[in-house]
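Student: starting from these lines, generate the structure:
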Amino acid sequence: MKILYLLTRDPDDTSTTFINIHGKEHDVHVLDIRNNADYPGIIELIEKSDKVVSW
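Tutor: Numbers count the residues shown, from 1 in each chain. I've put the predicted structure just below:
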């Protein structure tokens, strides 16, 4: 499963734990969207992901 984490703030202990646990069994991509203006690229990642988590 492909999981995309879209970070809108600095990750805390909880989000880091979720990312690490999911990363053991799934294909996880973490993207900090605060400084990323590549909107077509972000949309493409969302479309290719099975799950999207905004943190």
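Student: for the chain, which helix is longest?
Tutor: Longest helix in the chain, counting residues (DSSP state H): helix 13-25.
Student: check which residues of that helix are buried.
Tutor: Judged by neighbour count (16 or more other CB atoms under 10 Å), helix 13-25 contains these buried residues: 15, 18, 19, 22. Using the backbone N, CA and C atoms, a C-beta is placed for each residue, glycine as well.
Student: please enumerate the helices of the protein.
Tutor: Remark: helices assigned in the chain by DSSP H are 13-25, 39-48.
Student: nearest approach to residue 6 belongs to which of those?
Tutor: helix 39-48 (7.6 Å; CB to CB).
Student: for that closest one, name the packing helices and strands.
Tutor: For helix 39-48, the elements it packs on are strand 2-7, strand 27-32, judged by 3 or more CB pairs under 8 Å, 6 or more residues apart in numbering; DSSP states H and E.
Student: just send those strands back as TSV, with mean neighbour count too.
Tutor: Putting the helices and strands packed on helix 39-48 into TSV (neighbours: other CB atoms under 10 Å) gives the following:
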stretch	mean neighbour count
strand 2-7	18
strand 27-32	16
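Student: right, and those strands - which one's nearest residue 45?
Tutor: strand 2-7 (5.5 Å).
Student: need the contact partners of the closest one.
Tutor: Contacts to strand 2-7, defined as CB atoms under 8 Å, 6 or more residues apart in numbering, come from residues 15, 19, 22, 26-34, 42, 45-46, 48-55.
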